[in-house]
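**Q** Pasting the sequence and the predicted model now:
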Amino acid sequence: MTDPTTSFLTHRRLVGLAVAAQMLFILAVAGAGYATTALGRTITLRTTPVDPRDLLYGDYLRLNYTISQVQPALWRGPEPPQKHQAVYVLLQPTNGAYEAAGVYATEPPAAPDQAVLRGWVTDSWRQGIRLRYNLERYYVPENSGAALEKAGARRPLLVRVSVAPWGQARITQVGEVRK
């Protein structure tokens, strides 16, 4: 026969461990975001924003980067890219922002002035490859999304992205191009 006190203490320890594991997970997710910003390399991308309003979440920008659709000639994989395939985009600075220099199936080496951004193929056809980076949605303060969308309609916006050495990327700033 089991002792009710021992059973209660065992159950209480298990619940405590479950709560501690959940807290550690939440802290790790938040820490990874801060570490990406603190330790990552900052690059600048060009984008055009669309759809600045969501009834549930408020103002946000859906960002369409110049590196979101690339020419098939930039593909450097052994076989044609497949939908949902993870890819690595080699970026190099061009006229104040980073542009795609190649799309690879495996992570390529990068020169000191280049950066590598991980993405996923959303579509591939003869004229292009459409890519997603999980950087396509950026939430902005209430009632400021329309102004950024209007500015982006006139000319591309610049997006500063911090890319961590382990590949995680995070948007740090969205703003107008200054001339």
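**A** Alright, I've got the coordinates. Numbers count the residues shown, from 1 in each chain.
**Q** Rounded mean pLDDT for the helix or strand that contains Ala100, please.
**A** Ala100 is part of strand 97-104 when elements are defined by DSSP states H and E. The average pLDDT within strand 97-104 is 95.
**Q** What is the subsequent helix or strand relative to that strand?
**A** In N-to-C order, the element after strand 97-104 by DSSP H and E is strand 115-125.
**Q** hang on, the earlier thing: check which helices and strands the strand holding Ala100 is in contact with.
**A** strand 41-50, strand 86-94 (3 or more Cβ pairs under 8 Å, 6 or more residues apart in numbering; DSSP states H and E). In this view, the C-beta of every residue, glycine as well, is placed from N, C-alpha and C.
**Q** By mean pLDDT, flag the weakest helix or strand of this structure.
**A** Using mean pLDDT, DSSP states H and E, strand 53-54 stands out as the lowest-scoring helix or strand of the chain, at a mean of 60.
**Q** Quick one: mean pLDDT for the following helix or strand past that one?
**A** Per DSSP H and E, strand 53-54 leads on to strand 58-65 as the next helix or strand towards the C-terminus. The average pLDDT within strand 58-65 is 82.
**Q** in strand 58-65, what's buried?
**A** 59-63, 65 (16 or more other Cβ atoms under 10 Å).
**Q** chain center to whatever helix or strand comes next after it: distance?
**A** Later in the chain than strand 58-65, the nearest helix or strand by DSSP H and E is strand 69-70. Counting by Cα atoms, centre = their mean, to the nearest Å, strand 69-70 is centred 16 Å from the centre of its parent chain.
**Q** circling back: if you compare the directions of the strand holding Ala100 and strand 86-94, what angle comes out?
**A** 140 degrees (axes from the mean of the first three to the mean of the last three Cα atoms, to 10 degrees).
**Q** what's strand 97-104 in contact with?
**A** By Cβ atoms under 8 Å, 6 or more residues apart in numbering, the residues outside strand 97-104 that reach it are 43-46, 66-67, 70, 74-77, 81, 87-93, 108, 114-115, 129, 131, 158.
**Q** Give me the below-cutoff pLDDT ranges for this protein.
**A** Applying pLDDT under 70 to the chain flags the ranges 1-2, 51-58, 176-179.
**Q** ok, now with 80
**A** Within the chain, the stretches with pLDDT under 80 are 1-9, 32-39, 49-60, 140-155, 166-167, 175-179.
**Q** Break it into its domains for me.
**A** Using automatic domain parsing, the domains assigned to the chain come out as 1-39, 41-176.
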